[in-house]
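Novice: with the input below, show me the fold.
(2 chains)
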There are 2 protein chains.
Amino acid sequence: MESNHNHWQYLFAPDSVAVVGASNTPGSWGYGIMWHLLTSAKRKIYPVNPTVSEVLGIPAYDTVVNIPGSVDLAVIAVSAPQVPAVMQQCAQKGVKAAVIVSGGFAETGGQGSKLETELVKVAKEGGIRFIGPNSMGHADTSSQLCTLAWIGEIAPGPVALLSQSGNMGHRIIHNGMSSGFGFSKFISTGNEADLHLEDYLEYLAQDKNTRVITAYIEGLREGRRFFQLAKETTVNKPIIVIKAGGTKESARAVRSHTATLAGSDAVYAAAFRQAGVIRVEDDDELCDLVAALLYQPLPRTSRIGILTIGGGLGVVAAEAGEREGLEVAKLTSSTIEKLDAYLPPRWSHGNPVDMAGLSMAENPVIFSSLWALMADENVDAILLQAPVGVSIKRLSGIFNSEEIRAFRGKEESNLSLLRQRVTEYGKPVFMVKPAVEFVSDPEVSSLFHREGIPVYSSPHRAARVLNHLVWYRRYLDTIGAELVQID
Amino acid sequence: MESNHNHWQYLFAPDSVAVVGASNTPGSWGYGIMWHLLTSAKRKIYPVNPTVSEVLGIPAYDTVVNIPGSVDLAVIAVSAPQVPAVMQQCAQKGVKAAVIVSGGFAETGGQGSKLETELVKVAKEGGIRFIGPNSMGHADTSSQLCTLAWIGEIAPGPVALLSQSGNMGHRIIHNGMSSGFGFSKFISTGNEADLHLEDYLEYLAQDKNTRVITAYIEGLREGRRFFQLAKETTVNKPIIVIKAGGTKESARAVRSHTATLAGSDAVYAAAFRQAGVIRVEDDDELCDLVAALLYQPLPRTSRIGILTIGGGLGVVAAEAGEREGLEVAKLTSSTIEKLDAYLPPRWSHGNPVDMAGLSMAENPVIFSSLWALMADENVDAILLQAPVGVSIKRLSGIFNSEEIRAFRGKEESNLSLLRQRVTEYGKPVFMVKPAVEFVSDPEVSSLFHREGIPVYSSPHRAARVLNHLVWYRRYLDTIGAELVQID
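Specialist: Purely as a prediction, here's the structure:
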């Protein structure tokens, strides 16, 4: 790897961007990229297309070379055979960095591989570092740059995403935003002909806007370097990955997708564990976990307390917890005494704490019980599965509008207090929806997001996240294992 | 079990209902039950409460005995110690059937168990069959009866639900409705002091409004009978169950919840398999599966075709399928030829069929490719992970309103055609959202629901459902195994 620190500045916060292949045809890549650049732009944008005089109202140039000002970044979206010549013109123009969204290179084999070799040579001679080819583009929410064609607006936030699939990246971004968090940077890495996933990882490890790094990986080009970097990084920044291609046909699909080898799944699994990298199965689990890692402490042990509105919900939550390797805590007698004072005599008198059908009007009792559970020295994490965050529609059948305001006001201050106590005790608390209509109104879910309390649709999903947190805390307590080498 | 066929009529389609414990206090059980009965009522409702003159505007009676007309069904929501006396009065009045929502019976042990024994004796002497105690109520959408306090409106449909937890029942009902299907009957079985889950199962097996039976089970009181009934029923009506309490602490929680023994999880698992009962892990999986069973055929084999918009999505779908035990089909050369004609040269030339970044304007190509896959003799089920059902918000960034209408109209007719071809080929087709914003607008999701095409948020969830369908088809082909006895 050449040492060239400036290219990051040009890639993520360019003053000027040329779009080669810019287009006025709605639905085309060249149109989508222009549209995204213009809707967030605070910089010079130069469309390049020899067949039109302007794109989306901006004067177009026939070639990069004829752009009047300097160009920091070129986004290239022309057919593959044209790309090396375009890169040559970029070099001539003094363009600093590029993103190549065109496909049809090494991933198609044969002629495509030759094109890719030629492209790399031209770029290297011109001193241009690039993302792709076969990338979907990239984004930086702090500099408000987005070279993607289809993604829509990306909410800013502390999570970075590296993806060896544009579509999986798109999927994770939107899933994350509906889980209530935003992104610092997103890079669809494409074929990684020049910059590798490992380069981006090294950069993100130092990036002040990034607190959690996520990745969708099909195959690593520099496995040894990845795991060394990961091991150094996970000490203070969690890394969460989806590693795909672990079965026969999916490994075959990986070869035709990004021209990489998926490698042995078991070797990857061991290496991730030894580097403190948390591996998840899919984007739902990834987003569930990020929502917890961002704002909740890591639990001291796997002993959970379950506060639930119904016996069956408690049974299912206890089973989900145990199946994920968590332990259902034995409550202290002092906690039992406190709960006896708050709850009706029919409560379960143990953990899961089944409040046995409280009405919604009894909301304060829920929080008193929660404070008692949090104070229990045998409990290190809590699943709260109670009627908090009921939708306005449901409340309207029970209360008038003034009562609803008062009810919501009380919930709001209790959730604030909850946030404080989570920090004070160092014990994570997860909201588990008793049913789909809880925490479904945007005003309620934003309340939970504001207080950093993750909301899960099922106890299984919550338990899986808790188990990852327990594992990560143990890892951090005992690092020092040898790294498996998979280069 | 006594033979008494009429009680079903009185339980599910009574002409008159008394609510003992009816209340004017918003948020209370007695209020919620009255509210639900009145909002759907086509029958006489008699609130019973000695301390008020009317409830929700309806004249109240001090006791059931003093109600002027006859009473088919009594809903009892008073404190446990009062219930036997209320049941005595019901017998005196000639009430035909009852639902007891009061808790505090066998599930609390000791005094509660004695009360329950007394209650059963009084009811038996009075010839009254009853649901509960410790039930959350029940509902029949065809007779528009709902004795539940909290559930909101239940959409009518062909799915019956038996639940040994009111809250899990509530959860499944709402999850099902957001998955696009409705319910025929719901019974929260409570402690099953009189009517057992097995009685309801026997009834539902014959119920013309019920095409699929679902159940949340903690423990069976008549295991041998259950599995015999199930075996007879699953030949023409699928039965899907969540069986909870399979771990140490969850089994303990079951005892304090419904006073049953959870039993050996492995024995249950084997018995379910031998009776053709499909066991699922949670309510998400249950609803995913029901959505497919209602309107999609059972696949001949486990060979799937994957049609995807992105390479990474295809890799993840192939892996999810293989991990669930499905097989990624090898396409015939005739299919490859057809796809070569429709798709850009960069397509994957195999299964998963990666269309490699089509734009949304190329929508017709998606359906042509789908028809080609469906016609392939090596493919018996299809996961469609393509840009169909894009939200209006996303389309608005690309098309004007007239173009959007035309675009949606074409999708609509293609989805109609899809429904026809699913029936014609006998091959299930599942929509798998490429990202969270697909099939998210209510107008789009109702379009999919109308055509009976299930929509899944991830390939993992879709693959799990397909695997159940494959298993069920194999079961139906080979029934005749001995029943495991767990009485």
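Novice: residue contacts, the closest residue to residue A:78 other than its chain neighbours?
Specialist: Nearest non-adjacent residue to residue A:78, counting by CB to CB, 6 or more residues apart in numbering or on different chains: residue A:21, 4.2 Å away. C-beta here means a position set from N, CA and C on the backbone, and glycine is covered the same way. Contacts for residue A:21 were tallied using CB atoms under 8 Å, 6 or more residues apart in numbering or on different chains; they are A:29, A:30, A:48, A:49, A:76, A:77, A:78, A:102.
Novice: switch to 7 Å and redo it
Specialist: Listed by CB atoms under 7 Å, 6 or more residues apart in numbering or on different chains, the contact partners of residue A:21 are A:30, A:49, A:76, A:77, A:78.
Novice: now swap in residue A:295 and tell me
Specialist: residue A:452.
Novice: show me the domain layout of chain A.
Specialist: Using automatic domain parsing, the domains assigned to chain A come out as A:1-134, A:154-295, A:297-473.
Novice: single out the most deeply packed of those.
Specialist: Mean neighbours per residue, mean count of other CB atoms under 10 Å in any protein chain shown, is largest over those for domain A:154-295, with a mean of 22.
Novice: skipping adjacent residues, who's closest to residue A:444 in space?
Specialist: Using CB to CB, 6+ apart and skipping the chain neighbours, the partner closest in space to residue A:444 is residue A:389 (4.4 Å).
Novice: so that neighbour versus residue B:27, what's the distance?
Specialist: In this structure, residue A:389 and residue B:27 are 16 Å apart, going by CB to CB, to the nearest Å.
Novice: and residue A:144, by the same measure?
Specialist: Distance, residue A:144 to residue B:27, by CB to CB: 48 Å.
Novice: which residues in the stretch 251-400 of chain A form helices?
Specialist: For the stretch 251-400 of chain A, the helices defined by DSSP state H, counting those that start in this stretch cover A:265-274, A:283-295, A:311-323, A:333-342, A:363-375, A:392-396.
Novice: now the angle from the second one to helix B:311-323?
Specialist: Between the axis of helix A:283-295 and that of helix B:311-323 there is an angle of 110 degrees, by axes from the mean of the first three to the mean of the last three CA atoms, to 10 degrees.
Novice: ditto for the fourth one
Specialist: In terms of direction (the same axes, to 10 degrees), helix A:333-342 departs from helix B:311-323 by 100 degrees.
Novice: now do helix A:333-342: distance to the chain's middle.
Specialist: 40 Å (CA atoms, centre = their mean, to the nearest Å).
Novice: between it and helix A:363-375, how big is the angle?
Specialist: Between helix A:333-342 and helix A:363-375, the angle comes out at 180 degrees (the same axes, to 10 degrees).
Novice: would you mind listing what in the stretch 201-350 of chain A touches chain B?
Specialist: Residues of the stretch 201-350 of chain A lying close to chain B by CB under 7 Å from any CB of the partner chain are A:216, A:218, A:244-250, A:253-254, A:256-258, A:281-282, A:284, A:309-316, A:318-319, A:322-323, A:328, A:346, A:348, A:350.
Novice: try 8 Å
Specialist: Applying CB under 8 Å from any CB of the partner chain, we find that the stretch 201-350 of chain A lies next to chain B at A:216, A:218, A:242, A:244-250, A:252-254, A:256-258, A:281-284, A:309-316, A:318-323, A:328, A:345-346, A:348-350.
Novice: now do residue A:52 against residue B:373, distance only.
Specialist: To residue B:373, residue A:52 is 38 Å away according to CB to CB.
Novice: same deal with residue A:396?
Specialist: According to CB to CB, residue A:396 and residue B:373 sit 47 Å apart.
Novice: swap in residue A:156?
Specialist: Distance, residue A:156 to residue B:373, using CB to CB: 40 Å.
Novice: residue A:42 against residue A:142, yeah?
Specialist: No: the criterion here is CB atoms under 8 Å, and residue A:42 misses it with residue A:142 at 11.6 Å.
Novice: export stretch A:315-323 as PDB, just CAs?
Specialist: The C-alpha trace of stretch A:315-323 is given here as PDB (Å, rounded to 0.1, in the frame of the first residue of the first chain):
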ATOM      1  CA  VAL A 315     -42.500 -17.800  29.900                       C
ATOM      2  CA  VAL A 316     -41.500 -17.100  26.300                       C
ATOM      3  CA  ALA A 317     -39.000 -14.400  27.300                       C
ATOM      4  CA  ALA A 318     -37.400 -16.800  29.900                       C
ATOM      5  CA  GLU A 319     -37.100 -19.500  27.300                       C
ATOM      6  CA  ALA A 320     -35.700 -17.100  24.700                       C
ATOM      7  CA  GLY A 321     -33.100 -16.000  27.300                       C
ATOM      8  CA  GLU A 322     -32.100 -19.500  28.300                       C
ATOM      9  CA  ARG A 323     -31.900 -20.700  24.700                       C
END
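Novice: pLDDT below threshold where in chain A?
Specialist: Confidence mapping of chain A against pLDDT under 70 gives the ranges A:1-5, A:41, A:259, A:357-362, A:480-487.
Novice: so what's residue A:247 up against?
Specialist: A:265, B:318, B:319, B:322, B:323.
Novice: need phi/psi at residue A:221.
Specialist: Here is the backbone geometry of residue A:221 (degrees, to the nearest 10): phi -80, psi -30.
Novice: show me what contacts it?
Specialist: Taking CB under 8 Å, 6+ apart as the contact definition, residue A:221 lies against A:192, A:196, A:197, A:198, A:260.
Novice: what's the separation between it and chain B?
Specialist: 16 Å (CB to the nearest CB, to the nearest Å).
Novice: would you mind measuring from that residue to residue A:170?
Specialist: Relative to residue A:170, residue A:221 is positioned 23 Å away (CB to CB).
Novice: can you check residue A:109 too?
Specialist: 25 Å.
Novice: find the nearest non-adjacent residue to the residue of the stretch 201-350 of chain A found nearest chain B, please.
Specialist: Per CB to the nearest CB, residue A:312 is where the stretch 201-350 of chain A lies closest to chain B, at 2.0 Å. Excluding the flanking residues, the one nearest residue A:312 by CB to CB, 6+ apart is residue B:165, at 2.0 Å.
Novice: next, the nearest residue to residue A:457 once chain neighbours are set aside: phi, psi?
Specialist: Leaving aside its sequence neighbours, residue A:457 sits nearest to residue A:433 (CB to CB, 6+ apart; 5.5 Å). The phi/psi pair for residue A:433 (degrees, to the nearest 10) reads phi -60, psi 120.
Novice: the contacts of residue A:21 in helices, which ones?
Specialist: Counted as lying in helices by DSSP state H, out of the contacts of residue A:21, are residue A:30.
Novice: tell me the spacing between whatever residue of the stretch 1-150 of chain A ends up closest to chain B and residue A:342.
Specialist: Across the stretch 1-150 of chain A, no residue is closer to chain B than residue A:27, which sits at 3.7 Å (CB to the nearest CB). In this view, residue A:27 and residue A:342 are 59 Å apart by CB to CB.
Novice: what do you get for residue A:7?
Specialist: Distance from residue A:7 to residue A:342, by CB to CB: 60 Å.
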